Structures are given as C-alpha cells and as structure tokens.
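In: pasted the sequence and its predicted model underneath.
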Amino acid sequence: MGHCYSRNISAVEDDDGDIPAGTAQFPNRTDNNHQNSIPESPAASGSSSEVNPYTISPFQSPLPAGVAPSPARTPGRKFKWPFPPPSPAKPIMAALRRRRGTVPQPRDGPIPEDSEEVDHGRASGSGGGERLDKNFGFAKHFEGKYELGREVGRGHFGHTCWAKSKKGKIKGQTVAVKIISKAKMTSALSIEDVRREVKLLKALSGHMHMVKFYDVFEDADNVFLVMELCEGGELLDRILARGGRYPEADAKRILVQILSATAFFHLQGVVHRDLKPENFLFTSKNEDAILKVIDFGLSDYSRFDQRLNDVVGSAYYVAPEVLHRSYSTEADIWSIGVISYILLCGSRPFYGRTESAIFRCVLRANPNFEDLPWPSISPIAKDFVKRLLNKDHRKRMTAAQALAHPWLRDENPGLLLDFSIYKLVKSYIRASPFRRAALKSLSKAIPEEELVFLKAQFMLMDPEDGGLYLHNFTTALTRYATDAMIESRLPDILNMMQPLAHKKLDFEEFCAAAVSVYQLEALEEWEQIATIAFDHFEREGNRAISVQELAEEMSLGPNAYPLLKDWIRSLDGKLNFLGYAKFLHGVTVRSSSSRPTR
C-alpha cells in the first residue's frame with residue numbers, strides 16, 4: 001500500500017513494498033499508471049515540530065475532531081507504521097457495496113472467486129424472507145412515449161441511452177434516458193436511493209447548469225429517468241483532449257459554471273457527494289458550450305445543522321471529513337478544489353496506487369504547489385485553489401464565496417445567496433453579550449476584499465432603513481430557494497432565527513454576525529487582523545472575567561480551568577491577546593482535558 005509523503009521526506013517502504021514515484025501528468029482515465037508527487041508541507045520550512053493549537057501562539061485554532069497534523073510536517077523525518085493502520089477504504093467500499101446491493105452473505109462451500117456473481121434477491125433488513133417492494137408508483141408505458149436508441153454511457157447503478165420523444169410537450173426532441181435495473185435494487189437502501197434521486201432531479205431542474213429533468217417511468221424490470229441530452233461529452237474528455245490542463249482564462253469559465261450550480265443546490269440543502277469531471281457534461285461540442293452537472297444518485301439532503309456520516313464518493317475527490325464520517329456541503333467544495341487543481345496543472349493533488357493509499361494521502365499529505373507548472377500560474381489562482389483544499393472544512397470557502405473570489409470576479413458570475421450566512425447569524429443572535437462584543441471587534445478588522453462579499457450578501461436581503469429584520473432573511477430565502485426547500489427547511493430556519501423577530505441588524509452588526517473566524521484564519525494576513533481586532537476589543541468590549549465565568553461562556557467544565565487561567569491577565573482580570581484569539585476560536589472539552597496543563 002502506498003505512502004503519502006512530502007517532497008522533503010525520506011519515506012521508507014511499507015509492508016507491501018508500494019511507494020509512489022515522481023510526478024506524472026493526467027494523461028488518461030487509467031488510475032494504475034498515474035502517479036503524482038506529494039507537496040512539501042508549509043509548516044516544514046518553519047519548524048521542526050508539529051503545530052500545537054494550545055501553545056502560546058494565538059493564531060492557530062484547534063483542529064476539528066479527528067483531524068491531526070500531517071506527519072510530513074517534520075523535515076527529513078522518516079515515518080513507518082509498525083502495523084498497517086485501519087484502512088479508510090474498508091468502510092467506504094462496504095458502504096458502496098451496501099448501496100449497490102452486493103453485500104456478500106455467509107454461505108457454505110468454498111470462497112467464491114472475485115468475478116463470481118452472488119445473488120442477493122432478498123436484502124438483509126427487508127423483513128427476513130419478505131420480498132422487497134419495488135413498485136415506485138411511477139408512470140407506465142415508457143415505450144409508448146419514447147423510442148429508445150443507442151447506449152451513450154454506463155455507470156455503477158445503471159446505463160444511459162439516447163432516445164426520441166414520440167408525443168407530449170417535447171415531441172420529436174432527443175433526450176437521455178437513464179435506465180436503472182430493478183434487479184440491482186437488492187436492499188431497502190438502494191430503493192430509497194432511487195426515490196431520492198428522482199425527488200432531487202425534480203426539485204433542482206430549472207437552473208441553467210443543472211441537467212433538465214423531464215419525466216420518470218417504470219416497468220416490471222427497470223426505472224427510466226428521462227433527462228436532457230448533453231451531446232458535448234464529459235469535462236474529463238475535454239481536459240484530456242487539451243493535453244491534461246486548461247489555461248487560467250478557460251479554467252475560470254469552467255469553474256464559474258461548476259460553482260454556480262453548486263451554490264444553487266447547496267442553498268437547497270443538497271450535498272452532491274460525487275462531484276468529479278465525469279459528472280459534468282457539455283450541452284454541445286462547441287468550445288463555449290454550457291456545462292451541466294449530472295448524476296445525483298449519491299446525493300442527499302442535509303438539514304440546517306445536520307452532519308452526514310455515510311462514506312460515499314469517488315476516491316480521488318473525497319474530502320477528509322467524509323472519511324471521518326462527519327460532513328456537509330463543504331465536502332463538495334473540496335471536490336471542486338481537486339477539479340480546480342487538475343484543470344490548472346494537469347495532475348491530481350493526491351495519489352495512491354490503492355484506494356487505501358489515496359485516502360491516506362487525502363488525510364495526511366498537502367497538495368504540491370511548487371513543481372511545474374505552478375510557478376507560471378498566478379498567485380491569485382493558487383490562493384483560490386488552496387482555499388478550496390483546506391483540510392479544515394471550517395476554513396474552506398463556500399461556493400458563493402468562491403464565486404466572489406478576486407480570481408473569478410472578472411467573469412461576472414453574479415450574486416448568489418450564501419446559506420452559511422444564516423448559520424452564522426443564528427449562532428450570533430444566540431451568543432452571549434461578551435462573545436458578541438468579541439465578534440464586533442473582529443468585524444472592524446475585516447479586510448476590504450472580505451467586506452465586498454458581506455456587503456453583497458447584505459444587499460441581497462433588501463435591507464430596510466439600513467438594516468435587516470427576520471422577514472428580510474425569510475424573503476431572501478424564498479426568492480432563491482425551490483419549493484421543495486421552502487417546504488422542508490424554512491420552518492426549521494425560522495424557528496432557529498426567531499430572536500431576530502424583534503431586532504434589527506445594521507450592516508456593522510451584520511458583519512459581526514456573518515463573519516467566519518475560521519475563514520479569516522485561513523487568510524495570510526490573519527495575524528494582523530487578530531491584532532487590530534484585539535485593539536478594538538480592548539477599547540470597547542474587554543472586561544474583567546473570572547476563570548469560572550469564561551468556562552461557562554465556552555461551555556467547559558472545571559477540568560479546563562488551568563488552561564483558561566493563562567488566557568486572563570493577572571493585572572486586571574481581563575482577557576489577554578492569547579485569550580481573545582482562543583475565545584474567538586473556541587475549544588472542545590475533549591481537547592482541553594486531554595492535553596497536559598502548562
């Protein structure tokens with residue numbers, strides 16, 4: 001199994017004798033021969049020890065649960081596991097097998113060969129010997145409305161054919177028909193996946209970068225999803241036809257379309273979970289053809305504060321938090337970061353000869369931005385990709401923020417409502433006065449580039465008398481959301497934001513409510529931002545606070561008192577700079593109790 005390591009690391013061969021070799025381009029679909037170097041960790045050049053967020057440095061926030069610094073941070077360090085670590089490939093492959101209905105059942109006799117098919121007509125969890133109900137209630141008589149033609153694509157869960165409409169609103173029009181065999185629906189989960197995919201396609205159809213959905217049929221053997229026919233081929237094919245990479249100008253045009261679609265379905269609460277070049281199709285062979293996202297077979301709804309936990313996706317594009325089984329829409333942003341990296345340099349940011357090795361690289365290695373062609377790529381483009389490929393999902397840009405990034409701004413992508421604003425505002429209005437004061441001070445140090453985005457979001461909500469009320473948030477959401485989203489999510493959102501019913505947010509306070517501490521920390525000028533913010537806090541919001549009160553503010557127990565004592569000045573009992581920065585970040589009970597006190 002392959003290791004993932006930085007360029008300045010001497011990696012030793014593991015038990016399987018599988019070590020990645022140098023950098024290769026992205027020449028074909030075959031993963032077996034594709035190799036890519038793993039970049040040097042930024043921390044490697046500055047320190048020979050891992051960054052500890054609980055040291056005297058106030059500038060690093062605690063990492064999310066389950067995320068650890070890479071062992072490749074230490075220059076010249078050799079690392080080798082005495083025993084192979086648990087493979088993240090096992091749970092993801094098991095989950096995919098369950099979805100495809102190919103979970104092997106115990107049986108007598110010899111172990112079957114890899115190629116041998118096993119019949120699972122009755123799924124576990126479907127009532128023992130009770131046969132699954134595969135009647136969806138969709139329309140019948142598909143053959144009466146469409147003339148089926150050649151096959152144009154094939155995937156894990158079905159195949160797609162060209163077809164022509166015989167009657168109805170689209171009579172004479174060519175369409176694509178995704179045919180899903182009911183024989184492969186061998187579990188209640190796989191049946192529910194089909195129902196959900198149809199529901200999602202119906203709800204999301206209409207956006208210019210979403211494939212149009214026309215109709216759905218079924219017979220005794222198959223389900224037929226009738227959709228728009230995109231004859232321009234996959235994005236992957238065009239990348240390969242261009243020699244593996246795009247010029248910056250062309251890459252920007254592609255990414256604006258990808259992000260526009262993503263921002264739209266994220267606003268509806270949908271996580272795609274399988275964004276990759278193969279799942280983007282061009283409407284025609286023209287160079288300026290519109291790009292559309294397809295295949296919502298693995299997609300799911302994510303409620304207001306919900307985290308998904310099933311491990312699905314494609315290995316090269318899967319986000320670290322997916323492997324840790326706690327993720328939401330940020331996982332799609334990571335996948336777009338991988339696509340961006342490929343578009344600009346022609347190679348994958350993470351490589352392994354096995355899925356387990358790929359996952360290990362995703363978790364431990366950092367993308368290489370040093371080797372060719374990166375020196376010839378603009379710094380602003382590199383900043384864009386880096387802010388999508390941050391392993392801490394809290395520091396990643398959202399799709400709407402990515403569209404407002406300076407690198408894409410000249411493409412005029414348009415303003416899109418960012419649902420993360422609602423989550424941040426909800427947290428702010430429910431926070432204590434002391435925390436709100438800390439955030440107000442931080443908002444006064446926000447860089448101009450970030451203020452441009454916040455101003456745009458503020459104006460999208462049609463402020464009245466220079467401020468926003470609860471009904472402004474509601475109206476904006478209903479304007480940009482689909483009917484399905486309004487029906488399923490709006491009541492929860494309104495309930496959580498109820499404190500705004502009798503309060504107005506002016507722009508200054510909106511910035512305090514909508515600013516993300518973690519995303520500011522991802523900026524190069526974070527240290528300067530934090531210093532300026534603390535100066536404002538000293539003048540306007542800092543006050544004497546006891547260790548016990550600070551622990552209550554952060555929902556911590558007595559075991560955190562020794563740590564918090566270092567955050568308070570003995571002279572006047574107020575937060576010091578370290579305490580202010582850490583208070584903004586927050587800290588987990590597990591982290592504070594598991595580390596020795598100083």
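Out: Cool, got the structure.
In: was I right about Phe142 contacting Val216?
Out: No. The pair Phe142 / Val216 is not scored as a contact, 9.3 Å apart, by CB atoms under 8 Å. The C-beta positions use only the backbone N, C-alpha and C, and glycine is treated the same way.
In: who touches both of the two?
Out: Phe224 (CB atoms under 8 Å, 6 or more residues apart in numbering).
In: can you pull the contacts of Leu442?
Out: Taking CB under 8 Å, 6+ apart, one finds 512, 515, 517, 520, 529, 533, 584 in contact with Leu442.
In: and it, its phi and psi?
Out: phi -60, psi -40 (degrees, to the nearest 10).
In: what does the one 4 residues further on give?
Out: With angles defined as degrees, to the nearest 10, Ile446 sits at phi -70, psi 130.
In: and it, how far from Ala402?
Out: Using CB to CB, to the nearest Å, Ile446 is found at 18 Å from Ala402.
In: which of those two has more residues huddled nearby?
Out: Ala402 (25 against 20; other CB atoms under 10 Å).
In: where does the chain have low pLDDT?
Out: Across the chain, the ranges flagged by pLDDT under 70 are 1-130, 587-598.
In: so in it, which helix runs the longest?
Out: helix 248-267 (DSSP state H).
In: CA atoms only for that helix - export them in PDB, please.
Out: The C-alpha coordinates for helix 248-267 follow below in PDB (Å, rounded to 0.1, in the frame of the first residue of the first chain):
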ATOM      1  CA  GLU A 248      -6.300  30.100 -16.500                       C
ATOM      2  CA  ALA A 249      -8.900  32.000 -18.500                       C
ATOM      3  CA  ASP A 250     -10.600  28.800 -19.700                       C
ATOM      4  CA  ALA A 251     -10.400  27.200 -16.300                       C
ATOM      5  CA  LYS A 252     -12.100  30.200 -14.800                       C
ATOM      6  CA  ARG A 253     -15.000  29.900 -17.200                       C
ATOM      7  CA  ILE A 254     -15.400  26.200 -16.300                       C
ATOM      8  CA  LEU A 255     -15.200  26.800 -12.600                       C
ATOM      9  CA  VAL A 256     -17.800  29.600 -12.600                       C
ATOM     10  CA  GLN A 257     -20.300  27.200 -14.100                       C
ATOM     11  CA  ILE A 258     -19.500  24.400 -11.600                       C
ATOM     12  CA  LEU A 259     -19.700  26.800  -8.600                       C
ATOM     13  CA  SER A 260     -22.900  28.400  -9.900                       C
ATOM     14  CA  ALA A 261     -24.600  25.000  -9.900                       C
ATOM     15  CA  THR A 262     -23.100  24.000  -6.600                       C
ATOM     16  CA  ALA A 263     -24.100  27.200  -4.900                       C
ATOM     17  CA  PHE A 264     -27.700  26.700  -6.100                       C
ATOM     18  CA  PHE A 265     -28.100  23.100  -4.800                       C
ATOM     19  CA  HIS A 266     -26.300  23.900  -1.600                       C
ATOM     20  CA  LEU A 267     -28.800  26.600  -0.900                       C
END
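In: report the buried residues of that helix.
Out: 248, 251-252, 254-267 (16 or more other CB atoms under 10 Å).
In: helix or strand right after it?
Out: Downstream of helix 248-267, the first helix or strand assigned by DSSP states H and E is strand 270-271.
In: run the chain-centre distance for the next helix-or-strand element following that next one.
Out: Moving toward the C-terminus from strand 270-271, the next helix or strand (DSSP H and E) is strand 280-282. Distance, stretch centre to chain centre, for strand 280-282: 20 Å (CA atoms, centre = their mean, to the nearest Å).
In: tell me what strand 280-282 is packed against?
Out: Judged by 3 or more CB pairs under 8 Å, 6 or more residues apart in numbering; DSSP states H and E, the packing partners of strand 280-282 are helix 235-241, strand 291-293.
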